[in-house]
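Asker: no FASTA, just this:
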Ligand code: G1P
């Protein structure tokens, strides 16, 4: 089934990016020249999404501001014949219909998703965590992660969440799934039927090393379940706990997507993402390579 709507929770405090997040939401921090939020929206649009619902907090007006028309600037660029710049300025607003809902209390990811209940209505949708930036292999023509998941959802029928294999030492930072591999030749062993999920388990308690990456195709029934979900890990209403309730009556699959995930929620993760995207972009590749060579030379000189 076509997935028309995406929910992007963007109300978090961004503590790992303090102090810059005192005034700039981490979702607006750039990868090269665009906010990281724009990359995940582009990934959704590529998968056929037409409407994006961003869940913000009252302090994050600058996110709303980014997507509004900037008429004066647009007029000035148009008058000066600066079409390339004008295209950049209007790009974000033209990608999809963007609307906002405000989460007034930081009660957890499950609660943030619940805020979008009315905006989503009675249809399957995708949840995208904007911290998780996913790139394709340089030069590859593989579809983005969400587009891959939509295809999987159409083949196997049911909800699909993205996972990756993680080192056991970092398991406690993630949601973890357990399940049985699905025999689907087209997916090359990448699909697991989920039988259990746990949010941020201790290594000893983790049922596998398949950790959840922030992309979820979900049926609308998740909203009713989130309304009944009690606070879990960190005292917050966890999306993972809602998913655990969902699998009692619905098929949910974990999909090891083809692509590379970067943790855009941390300074070093964003730096890595910036380098990866700069190396992948025709207009920045040469400069990025030169920078890498420069640093390599200077570190080998000091070694
Ligand atoms: C959230 C989810 C977690 C998932 C992670 C991926 O955690 O709760 O299940 O593995 O995103 O980035 P957070 O990073 O918000 O603590």
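Answerer: In hand now; what should we look at? For clarity, every value in this text was computed on a predicted model and none was experimentally measured.
Asker: count of neighbours near the residue in the chain that the ligand sits nearest to?
Answerer: Using C-beta to the nearest ligand atom, the closest approach of the chain to the ligand is made by residue 175 at 2.4 Å. For glycine as for every other residue, the C-beta is placed from the backbone atoms N, C-alpha and C. The burial count assigned to residue 175 is 25, neighbours taken as other C-beta atoms under 10 Å.
Asker: Could you pull out the helices in this protein for me?
Answerer: 36-46, 61-67, 71-79, 83-95, 109-114, 117-120, 145-156, 221-227, 239-246, 267-280, 285-302 (DSSP state H).
Asker: related to what we said a few turns ago, now the residue of the chain closest to the ligand, which residues is it bridged with?
Answerer: Bridge pairing for residue 175 (DSSP bridges) gives the partners residue 199.
Asker: quick one: pLDDT of it?
Answerer: Note on residue 175: pLDDT of 96.
Asker: I figured it hits residue 244, correct?
Answerer: No - applying C-beta atoms under 8 Å, one finds residue 175 not in contact with residue 244, separated by 9.8 Å.
Asker: Touching both of the two, which residues are there?
Answerer: Taking C-beta atoms under 8 Å, 6 or more residues apart in numbering as the criterion, residue 175 and residue 244 both touch 197, 198.
Asker: how much space between the residue of the chain closest to the ligand and residue 41?
Answerer: Plainly put, residue 175 is 23 Å away from residue 41 if you go by C-beta to C-beta, to the nearest Å.
Asker: what do you get for residue 250?
Answerer: With C-beta to C-beta as the criterion, residue 250 and residue 41 are 27 Å apart.
Asker: neighbour count winner among these two?
Answerer: Applying other C-beta under 10 Å to residue 250 and residue 41 shows that residue 41 carries more neighbours, namely 24 against 16.
Asker: give the contact list for that one.
Answerer: Shown in contact with residue 41 (C-beta under 8 Å, 6+ apart): 6, 8, 52, 92, 95, 96, 98.
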